[in-house]
Structures are given as C-alpha cells and as structure tokens.
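Student: 3D model of this:
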Amino acid sequence: LQWLTRVENTMSSSWVETGIFDFVQLAKCDLHLFDPQMLLSAIFFWNRETRAFEFPCGFICPTLLDIATITGLAPIGDRFYPDAFEEEISIKETFISWDKKTYLAFINSYIGKPGTPVLTSEHIAFLMY
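Tutor: Modelled structure (predicted):
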C-alpha cells in the first residue's frame with residue numbers, strides 16, 4: 001500500500017485519463033474479506049492449461065460479465081490502441097530486470113525514495129506488479 005500511495009499521488013490523473021484508476025484501486029481491497037476455504041476450493045478446480053475451472057460436468061470460465069460483477073468495473077468503453085501514443089519513451093527508462101525471485105525483492109528494487117519524483121520505470125514496474 002505504501003508503493004500504491006506513492007505512485008498514486010503522482011499518477012492518479014493519468015490513471016483516470018486512461019481509464020484504469022478504478023482497477024488500480026482494487027489493490028486496496030483487503031483479501032481477508034474473502035472466504036479462504038472458498039478460495040482454496042476454487043484453486044483446487046482451476047486448470048492452468050485451459051485457464052478454466054474443471055468440474056465433473058465440464059469446464060467453466062469466468063466471463064467478462066462475471067469479472068464486471070465481481071470488480072464493479074464496466075467491460076465497455078473506448079477501445080484502447082497502444083500504438084496511438086505520440087510520445088516515445090526511451091527503452092532505457094523502461095528497462096525492467098526479471099531476476100527478482102520474490103514480490104518483496106521486486107518492490108524494493110523499483111520503489112523510489114520518499115520525496116523523489118516517480119520515474120517512468122518505477123510507474124511501469126508498479127503497473128506490472
């Protein structure tokens with residue numbers, strides 16, 4: 001949450017403009033509100049190869065409507081064209097190292113110091129996280 005707050009203070013207007021603000025806010029949800037036994041049951045039936053739940057009656061996948069209901073995010077809106085951005089971002093600004101073995105190591109590698117501006121590489125690493 002500390003990293004979210006740091007990046008949000010600088011990037012929230014950008015997130016609103018691109019339509020991801022509400023999605024990023026889901027990171028503030030407390031996962032302890034969910035029933036752990038239900039989550040364990042769901043994981044048991046999840047098939048990583050088909051990306052669906054595998055039950056004796058067949059495969060079941062979450063639909064866009066399911067995700068919209070669970071998250072409160074609307075599956076409609078303007079179409080996103082990633083190539084439509086006019087400004088180019090240097091590859092040196094966006095380099096992300098994949099050698100981190102834990103989430104904490106990844107966060108510690110990319111989180112900026114308090115009081116310093118949020119760099120493009122930090123923002124991209126945060127969104128990837």
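Student: same question for whatever helix or strand residue 16 lives in, mean pLDDT?
Tutor: Taking DSSP states H and E as the criterion, residue 16 maps to helix 2-18. Averaging pLDDT along helix 2-18 gives 89.
Student: sketch out the strands for this structure, chain order is fine.
Tutor: Counting by DSSP state E, one finds strands in the chain at the ranges 46-47, 52-55, 58-60.
Student: show residues contacting the last one.
Tutor: Right, strand 58-60. Strand 58-60 is contacted from outside by 47, 50, 52, 53, using Cβ atoms under 8 Å, 6 or more residues apart in numbering. Every C-beta, even on glycine, is put in place using the N, C-alpha and C of the backbone.
Student: most widely separated two among the residues you listed?
Tutor: With Cβ to Cβ as the measure, no two of those lie farther apart than 50 and 53, at 9.1 Å.
Student: and residue 95, what's its pLDDT?
Tutor: pLDDT, read off for residue 95, is 64.
Student: what about residue 125, neighbour count?
Tutor: 23 (other Cβ atoms under 10 Å).
Student: with just CA atoms, put the helix holding residue 16 into CSV.
Tutor: C-alpha atoms of helix 2-18 as CSV (Å, rounded to 0.1, in the frame of the first residue of the first chain):
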residue,chain,number,x,y,z
GLN,A,2,3.0,2.3,0.6
TRP,A,3,4.0,1.9,-3.0
LEU,A,4,0.5,2.4,-4.2
THR,A,5,0.1,5.6,-2.3
ARG,A,6,3.5,6.9,-3.6
VAL,A,7,2.7,6.2,-7.2
GLU,A,8,-1.0,7.2,-6.9
ASN,A,9,-0.1,10.7,-5.7
THR,A,10,1.7,11.4,-8.9
MET,A,11,-0.1,9.2,-11.5
SER,A,12,-3.7,9.2,-10.5
SER,A,13,-4.7,11.8,-13.1
SER,A,14,-3.0,9.7,-15.7
TRP,A,15,-4.8,6.6,-14.5
VAL,A,16,-8.2,8.4,-14.7
GLU,A,17,-7.4,9.6,-18.2
THR,A,18,-6.5,6.1,-19.4
